[in-house]
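K.L.:
Structure here, sequence nowhere to be found:
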């Protein structure tokens, strides 16, 4: 692969792609949902997820109050309502009626029926790295989906049609074409490794 | 939006989409790269990223040794070599010659020239939630890209063509069509909020 001159472009969170999620919590007895892209898996087993929110958000109060929250995966058909939940704060507008809410095992982690996948999380830890955000670490106690989003019992990304976020230019994107099977397409590279090395060093 | 019956599908890390990254560290004096999907932003400012690795990985030793690492964003054209770095451990194979490596400010965080975007990270914290993984929290001290991947100084997802990972079915995907502008498409929903509410409750 041809390479050109690398330029320092500043210390920024240039991670591509980012997910687009809706984080849910009961705040003052009502479900509230916030759009969140700062989110990632932090443990395989037991399954744990990190959700990062600006310290000033309304949702944070509910997570603290009930020690649980949800991570909901919206589909591309929900892009308008998903963006709306990022524009309008629960402090100013009641977002409890926007979606059909359901509850699971934890009873206080509201989840969105319309979202193809829901992760129900028990708050395991809260981290503060001294800056603008706080990190809620959730242990996923259950996941939910309708049958139509599953393939062999696993949510299917082609059926979910989740939303990719690109932060610094503020754009939402869909999922594109299939690029290959993991733990598989790399074998081909391994078989030709010596040719590949020479090519890289040329 | 029509909703059907939700099914409990097990406590699993069903996050869609996940990123596909290559995490770099110098191990025993040589660059090593590992494919990582458990990765997310944990703070906006100062910019910090969480990278989660299985405890047994070779890369972890290098991160500990040098207190720094890199997160590299491969493009779809690198899907074979990216997968290869997830199949073969640095304990068994020398991966130092696969890519053209460069170094930045930290001097010991190897980065991949071929990757459109590189994040150079100082190790800020290491977390252990008692399970299979450990979490390296990196403060991003600099980011790098070639001009051809930038638009107004910001990496452009259409030029990068990053790889989306779907974990439980082991598939790589590209980025698809543009769905809308963030902080913008949601305004339309807000304007029609009363109609939308009625529709949801019908």
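P.N.:
Right, received. Where do you want to start? No experiment lies behind these values; they were computed from the predicted model shown.
K.L.:
Which single residue of chain A ends up nearest chain B?
P.N.:
residue A:40 (2.1 Å; C-beta to the nearest C-beta). No exception for glycine: its C-beta is placed from N, CA and C like everyone else's.
K.L.:
Which strand residues bridge that residue?
P.N.:
residue A:50 (DSSP bridges).
K.L.:
Please report how far it lies from residue A:96.
P.N.:
Here the criterion is C-beta to C-beta, to the nearest Å. By it, residue A:40 lies 27 Å from residue A:96.
K.L.:
cool, residue A:50 as well?
P.N.:
25 Å.
K.L.:
from what I can see the residue of chain A closest to chain B touches residue B:71, true?
P.N.:
No. Residue A:40 sits out of contact with residue B:71 when judged by C-beta atoms under 8 Å, with a separation of 11.4 Å.
K.L.:
Mind checking which of residue A:50 and residue A:96 has more residues around it?
P.N.:
residue A:50 (27 against 17; other C-beta atoms under 10 Å in any protein chain shown).
K.L.:
residues contacting that one?
P.N.:
A:39-42, A:127, A:135-138, B:40, B:42, B:50, B:135 (C-beta atoms under 8 Å, 6 or more residues apart in numbering or on different chains).
K.L.:
Let's have those in a markdown table, adding pLDDT and distance to residue B:186.
P.N.:
Below are the contacts of residue A:50 laid out as a markdown table (pLDDT from 0 to 100; distance: C-beta to C-beta, whole Å):
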| residue | pLDDT | distance to residue B:186 |
| --- | --- | --- |
| A:39 | 98 | 18 |
| A:40 | 98 | 23 |
| A:41 | 98 | 26 |
| A:42 | 98 | 28 |
| A:127 | 98 | 29 |
| A:135 | 98 | 25 |
| A:136 | 98 | 23 |
| A:137 | 98 | 28 |
| A:138 | 98 | 25 |
| B:40 | 98 | 22 |
| B:42 | 98 | 25 |
| B:50 | 98 | 27 |
| B:135 | 98 | 32 |
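K.L.:
closest to residue A:192 among those residues?
P.N.:
Within the contacts of residue A:50, proximity to residue A:192 (C-beta to C-beta) peaks at residue A:41, which comes in at 31.6 Å.
K.L.:
So what's the residue count around the closest one?
P.N.:
24.
K.L.:
Also residue A:67?
P.N.:
16.
K.L.:
Likewise for residue A:6?
P.N.:
Residue A:6, neighbours per other C-beta under 10 Å, totals 18.
K.L.:
okay, it: pLDDT?
P.N.:
Residue A:6 carries a pLDDT score of 97 in this model.
K.L.:
in its sheet, what does the longest strand seen in chain A sit against?
P.N.:
Counting residues, the longest strand found in chain A (DSSP state E) is strand A:133-146. Applying DSSP bridges to the sheet, strand A:133-146 is found paired with strand A:48-54 (antiparallel), strand A:117-127 (antiparallel), strand B:6-8 (antiparallel).
K.L.:
Any idea how far it is from the middle of the chain?
P.N.:
Taking the mean C-alpha point of strand A:133-146 and that of its whole chain, the gap between them comes to 10 Å (C-alpha atoms, centre = their mean, to the nearest Å).
K.L.:
Give me the buried stretch members for that strand, please.
P.N.:
A:133-146 (16 or more other C-beta atoms under 10 Å in any protein chain shown).
K.L.:
Repeat that for stretch A:161-173.
P.N.:
For stretch A:161-173, by 16+ other C-beta under 10 Å, it's A:161, A:162, A:163, A:164, A:165, A:166, A:167, A:168, A:171, A:172, A:173.
K.L.:
cool, and stretch A:122-134?
P.N.:
Those would be A:122, A:123, A:124, A:127, A:129, A:133, A:134, for stretch A:122-134 by 16+ other C-beta under 10 Å.
K.L.:
which residues are in contact with that stretch?
P.N.:
Under C-beta under 8 Å, 6+ apart, the answer for stretch A:122-134 is A:38, A:48, A:50, A:52-55, A:60, A:63-64, A:67-69, A:106, A:135-139, A:141, B:42-46, B:48, B:124-125, B:127, B:129, B:137.
K.L.:
How about stretch A:26-35?
P.N.:
A:20-25, A:53, A:57-59, A:61-62, A:65-66, A:72, A:82-83, A:85-86, A:90, A:94-96, A:98-99, A:101, A:108-110, A:112.
K.L.:
6 Å - rerun?
P.N.:
A:22-25, A:57-59, A:61-62, A:66, A:82, A:85-86, A:90, A:95-96, A:101, A:108, A:110 (C-beta atoms under 6 Å, 6 or more residues apart in numbering or on different chains).
K.L.:
got it, and stretch A:96-103?
P.N.:
The contact list for stretch A:96-103 (C-beta under 6 Å, 6+ apart) reads A:30, A:31, A:110, A:111, A:112, A:113, A:114, B:3, B:197.
K.L.:
Could you rerun that using 10 Å?
P.N.:
For stretch A:96-103, the external contacting residues (C-beta atoms under 10 Å, 6 or more residues apart in numbering or on different chains) are A:22, A:24, A:26-33, A:70, A:72, A:74, A:78, A:81, A:84-85, A:88, A:90, A:109-115, A:118, A:120, A:144, B:1, B:3, B:6, B:189, B:193, B:196-198, B:200-201.
K.L.:
ok, of those residues, which come out buried?
P.N.:
A:22, A:24, A:26-27, A:31-33, A:70, A:72, A:74, A:78, A:81, A:84-85, A:88, A:90, A:109-115, A:118, A:120, A:144, B:6, B:189, B:193, B:196, B:200.
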